[in-house]
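Visitor: need a structure here:
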Amino acid sequence: MTNTTIPRTDPKIEAIQRVYAAFGRGDLEAVLAELADDVDWASEATTTSAPWYGKYAGKGEVPRFFGALGTSVETKEFIPLSFTANDTDVMVVIHWTITARATGRTATMQLHHWWRFADDKIVYYRGSDDSELTATLFA
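Guide: Sure, this is the predicted structure:
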């Protein structure tokens, strides 16, 4: 007898995949459509060594994150490597290669994204990267 596990889909993972696809095509409105109005959004919130680092309170501030990211770096590679989920959260590991527009320096690293959902909307995001390596791009 063979025990076969049938993969199941998770609507939270599918939502994050939609967010990443929208990011890849530059569709900010599609990203925002997945967020709760009061989303708690932060990337490397304890340092300011990259223009997009910090905390963004609410859906109305999230475009500032993407604006800072898009004007400061060119994303060369953004490849989700692994997704895992529980009842409320999704964790993702991403292979990321960027070039700083101001210096022309390039770096490749892993990102770690933590997403939390409530009522089918993203209510919490934390992103981390190799902040020391990122800082060297702008130094």
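Visitor: Can you point out the buried residues in the longest helix seen in the chain?
Guide: Secondary structure of the chain read by DSSP state H shows that its longest helix is helix 11-25. Within helix 11-25, the residues scored as buried using 16 or more other C-beta atoms under 10 Å are 12, 13, 15, 16, 19, 20, 22, 23. Heads up, the C-betas are built off the backbone N, CA and C, glycines and all.
Visitor: What of stretch 67-87?
Guide: Buried residues in stretch 67-87 (16+ other C-beta under 10 Å): 68, 69, 70, 72, 73, 80, 83, 85.
Visitor: of all the residues you listed, which two lie farthest apart?
Guide: 72 and 85 (30.4 Å; C-beta to C-beta).
Visitor: coming back round to it: out of the buried residues of stretch 67-87, name the ones that lie in helices.
Guide: Among the buried residues of stretch 67-87, DSSP H puts 68, 69, 70, 72 in helices.
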